[in-house]
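> Turn this into a structure:
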Amino acid sequence: MMSVIALLFSFMLVCLGHGLLNTMLSVRAAMESFSSLSVGIIGFCYFAGFIFGVSLCTRLISVVGHIRAFAALGSLTSALSIAFLLSINLPSWMILRFTYGVCIAALYMVIESWLNSLSTNGNRAQVLSIYMVLIYLSFSVSQLLLNIGSLGSFHQFVIVSMLFSVSIVPLCISSKAKPIEIASEPINFKKLVKHIPYGSISCLCGGMVVGSMWTMLGAFLEFKKFSTGHISLFIAMTFMGALIFQFPLGKLSDIANNRRSTIKFASLVGSFVFFLTFLIITYSNNTLSLSLLFLLMGGFSYPIYSLSLAHIIDHLDSKHIVSASGSLILINAIGSMLGSLICSAMMILTSVNAFLWFGGIILSLNFAASYLFKPKTSHANSETNFIALPRTTMALNSLDPRIPTETE
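A predicted model of the protein is given here:
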């Protein structure tokens, strides 16, 4: 029990630092007169580094071990947090952001694989639920740290560095034996897209919207001249929305016994929220109204990944779930890369409000796509229940209770 608490505490510190740095870099880039496209390119580099880091760190962990890998990459991440201050220009931040993405992927993989080793068939669902809640709750709380000091100074960068440094301690002093090895599952994108096209498309679209929010929301709010307090509040509300709406939407998809309908509903409501936010933010800056809209924005965007995964699992044999989950993580990450670039390009070609138009358009297209693409496989696994699963790395798949014991 103490080992689980130590791991989750370590993970919480990582999420606090990660959530704060992500928003801070987006806002700081806007303050330093980076163009919208430059901010998007920096975000693209982060997601590219994350994808590269997943494959790289699987090999690294097998060579040096989990504890050494986490300690080394945690220290490097702490140093990178400070390095962003040393050279504030696009080429430097691209390199730093890519390297940072590699390190974050490694930190996630170590913690998730360790949690797998501490979990049993009887508590996997509970551990996964706690893990997911901790992610979005930590990301929400991290936004409040933006209000410490001035965004134009070094205070937040030091806080991030401290959080990453301290996160190493609980894991390194854990008495648990060597964690389980991370399984490398084959990934077949063509087969997944061919047989379950809408699940793949929905995952891609969800990644594009979340990627644009993850990369551009802080810069968008800074461009709109909101105060630091409002920026931290609005971004925190998106993460709270993700936390609050994951389970109700999942329960709805279980009751309706039709994931497609729930994804369509989430996409339709989400697109409406983006367009309504555009109207409200154009003609009024009412804090209460915008807070509610950003809550709904996160609530109907972030869960699309979990819903897409559940939809795909409904049409797969149990033995293919792990491979499909890995494929979907990469599809979603590719969507995030594309979303960062396309949204930022739209913002620079039209106006900063294109951030909201982009989210609304992509979710509208995802809604329309449900009428064009039908699954080509039967409901092989239709009795499974929805599980809220955050998009991190493939190492988390073993905590999914829908995966049978023999695949662990």
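
> Run through the residues that contact G229.
Counting by C-beta atoms under 8 Å, 6 or more residues apart in numbering, G229 makes contact with N147. Quick note: C-beta positions are derived from backbone N, CA and C, even for glycine.

> how about the helix or strand it falls within: buried residues?
Using DSSP states H and E, G229 falls within helix 228-256. In terms of neighbour count (16 or more other C-beta atoms under 10 Å), helix 228-256 has its buried residues at 228, 230-247, 249-250, 252-253.

> Would you mind measuring from C343 to T277?
14 Å (C-beta to C-beta, to the nearest Å).

> Could you check which of those two is surrounded by more residues?
C343 (31 against 23; other C-beta atoms under 10 Å).

> Could you say which helix or strand holds the residue lying closest to that one once chain neighbours are set aside?
Leaving aside its sequence neighbours, C343 sits nearest to S212 (C-beta to C-beta, 6 or more residues apart in numbering; 3.8 Å). Here S212 sits within helix 197-223, counting by DSSP H and E.

> what's that helix packed up against?
Secondary-structure packing of helix 197-223 (3 or more C-beta pairs under 8 Å, 6 or more residues apart in numbering; DSSP states H and E): helix 2-31, helix 36-64, helix 189-195, helix 228-256, helix 259-283, helix 304-313, helix 321-349, helix 354-369.

> Please work out the angle formed by the directions of the helix holding G229 and helix 304-313.
Here the directions of helix 228-256 and helix 304-313 differ by 20 degrees (axes from the mean of the first three to the mean of the last three C-alpha atoms, to 10 degrees).

> for helix 228-256, what is the average pLDDT?
The average of the pLDDT scores along helix 228-256 is 89.

> how far does that helix sit from the chain's center?
Relative to the centre of its chain, helix 228-256 is centred 13 Å away, using C-alpha atoms, centre = their mean, to the nearest Å.

> what about the residue lying closest to L365 once chain neighbours are set aside, neighbour count?
Leaving aside its sequence neighbours, L365 sits nearest to C205 (C-beta to C-beta, 6+ apart; 6.5 Å). Using other C-beta under 10 Å, C205 is surrounded by 26 other residues.

> Report the separation between C205 and L363.
7 Å.

> Count the residues that sit near P197.
Considering only other C-beta under 10 Å, P197 is surrounded by 16 other residues.

> thought it was touching H315?
No: using C-beta atoms under 8 Å, P197 is not in contact with H315, being 10.7 Å away.

> Could you measure from the residue of the chain most remote from its centre over to N353?
What lies farthest from the middle of the chain is Y283; by C-alpha atoms, centre = their mean that is 30.9 Å. Using C-beta to C-beta, Y283 is found at 12 Å from N353.

> For this structure, give me the ranges with low pLDDT.
Residues of the chain that meet the criterion pLDDT under 70 lie in 1-3, 58, 117-125, 174-189, 191, 256-257, 316-325, 374-408.
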